[in-house]
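Peer 1: sequence isn't available, so here's the structure alone:
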């Protein structure tokens, strides 16, 4: 064979091999899981087929429905984000708590569980309350590198915190008496309480959401998981898996369109203290109206594109713009209040503004534009306002900001008036922009409280 012809054949064979490898990779779903977090992800040996738990069951159900080969990859909590960004797995499914630094590294799905941090004590008569534990000589164990370690350090600054790399070892240390207390959560606590006679749980002292964390460069996987989770919540499949694996700790539906939208708003706002500090460190202004206008234009365009891809009627432009306007106003309010708060202590290692934080906002915005299409009508404005206030757990979110977001969602989820003229729509948008600012919302709240809200 002529050398030139041979080179062409070798090039063709290399291309075929690359395409085959790419197709095989596309058909395999690599799921990162810890295997040390019953009842969500628990391993009884080194064989991945022996993994069990709610998140393991969800991964298997999703892979089976989508015709994917499932491969579990065990991670350790301190290296979760490093493993995710290096591509060791496509998605982490192991009771992953939604946190700002994780949002900056990947794409969260819609939430699937609610939980809260609790403390288990072996001698409840000695430690009757959480405040009693916050003393220098009290040894509190916690799994190292995860959400619970951060929550424990914030709640017990004076106690002696013992960060243990292996979650199973935390319980063992409490059983052996080398710890006075151990931090877990409301989902895992029932398992640990059965292991320790006389143990008692104190708390919860946080309110958390759990979701699946997809690689930032896999938007199609995140979108498909979201659609699948919403559908499985709607048909009761997720509820059945929760009952089977979590029992009394299962809770109610979580992956609903409104719940997921409010969780996305809260996730977005949770990044604002970090963004405010990052802007200050770089000498940037907290408010840039020109950039805000570009963000609003992009959000409306993305919402219209999402509707076109889904074959759905386009959402009303003015209402979409008003919804994202309310979020921007709330974001600025949280940023200002954070940088002005002398007690606010940002993390020593801050995600980069341009390469991490702003891309995270775009990823959350993409999820929100998809959720816009699934929002049901909200006939009860008072209930929606209360649900919004309860869902926005980010510190420093004002009542006015929460009210403005609730009002924007109410308008967004209602069909547009058939008789609205373009001029009327423009006037309405301008009026909503004013009314949905924190200041305008506070005025509106005061005016409407006698008829729509109970007196406080």
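Peer 2: Looks like it arrived, so ask away. The structure displayed is predicted, hence computed values, not measured ones.
Peer 1: excluding chain neighbours, what is closest to residue 196?
Peer 2: If the residues on either side of it in the chain are set aside, residue 196 comes closest to residue 175, at 5.8 Å by CB to CB, 6 or more residues apart in numbering. (C-beta placed from N, C-alpha, C; glycine too.)
Peer 1: for the residue nearest to the spatial centre of the chain, give its distance to residue 234.
Peer 2: Relative to the mean C-alpha position of the chain, the nearest C-alpha, by CA atoms, centre = their mean, is the one of residue 98, at 3.8 Å. Counting by CB to CB, to the nearest Å, the separation of residue 98 from residue 234 is 21 Å.
Peer 1: before we move on, what about residue 304?
Peer 2: When CB to CB is the yardstick, residue 304 and residue 234 sit 25 Å from each other.
Peer 1: and if you look at residue 410?
Peer 2: Applying CB to CB, one obtains 22 Å for the distance of residue 410 from residue 234.
Peer 1: report the contact partners of residue 85.
Peer 2: 105-106, 215-216 (CB atoms under 8 Å, 6 or more residues apart in numbering).
Peer 1: pLDDT score assigned to it?
Peer 2: The score at residue 85 is 97. That number is its pLDDT.
Peer 1: swap in residue 175?
Peer 2: The per-residue confidence score, pLDDT, reads 96 for residue 175.
Peer 1: wait, it sits on residue 197?
Peer 2: No: applying CB atoms under 8 Å, one finds residue 175 not in contact with residue 197, separated by 9.6 Å.
Peer 1: which non-adjacent residue is nearest residue 95?
Peer 2: residue 40 (3.9 Å).
Peer 1: list the residues that contact that neighbour.
Peer 2: If a contact means CB under 8 Å, 6+ apart, then residue 40 has 53-56, 94-95, 113, 187-188, 210, 245 as its contacts.
Peer 1: what's the answer for residue 272, then?
Peer 2: Counting by CB under 8 Å, 6+ apart, residue 272 makes contact with 331, 334-335, 338, 394.
Peer 1: among these, which lie within helices?
Peer 2: Helix and strand membership here follows DSSP state H; of the contacts of residue 272, those in helices are 331, 334-335, 338.
Peer 1: farthest-separated two in these?
Peer 2: Using CB to CB, the pair of the ones in helices among the contacts of residue 272 lying farthest apart is 331 and 338, separated by 10.6 Å.
Peer 1: and these two? Which one has more around it.
Peer 2: Set side by side, residue 331 and residue 338 show more neighbours around residue 331, with 25 against 21, by other CB atoms under 10 Å.
Peer 1: return the per-residue confidence for the closest residue to the more buried one other than its chain neighbours.
Peer 2: In space, and not counting its chain neighbours, residue 331 is closest to residue 272: 4.9 Å by CB to CB, 6+ apart. Predicted confidence (pLDDT) at residue 272: the value is 98.
Peer 1: give me the phi and psi for residue 272.
Peer 2: Recorded main-chain torsions at residue 272 are phi -70, psi -40, according to degrees, to the nearest 10.
Peer 1: separation between residue 84 and residue 399?
Peer 2: Residue 84 sits 36 Å away from residue 399, going by CB to CB.
Peer 1: which one's more surrounded, those two?
Peer 2: residue 84 (24 against 14).
Peer 1: shouldn't that one be within a helix?
Peer 2: Yes: the secondary structure assignment for residue 84 places it in a helix, going by DSSP: H, G, I helix; E, B strand; the rest coil.
Peer 1: hmm, it is touching residue 215, no?
Peer 2: Yes: the criterion here is CB under 8 Å, and residue 84 meets it with residue 215 at 6.0 Å.
Peer 1: give me the common contacts of these two.
Peer 2: When contacts are counted by CB under 8 Å, 6+ apart, residue 84 and residue 215 are jointly contacted by residue 106.
Peer 1: thinking again about what came up before, export the ones in helices among the contacts of residue 272 to TSV and tack on pLDDT?
Peer 2: What follows is the ones in helices among the contacts of residue 272, written out as TSV (pLDDT from 0 to 100):
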residue	pLDDT
331	98
334	98
335	98
338	97
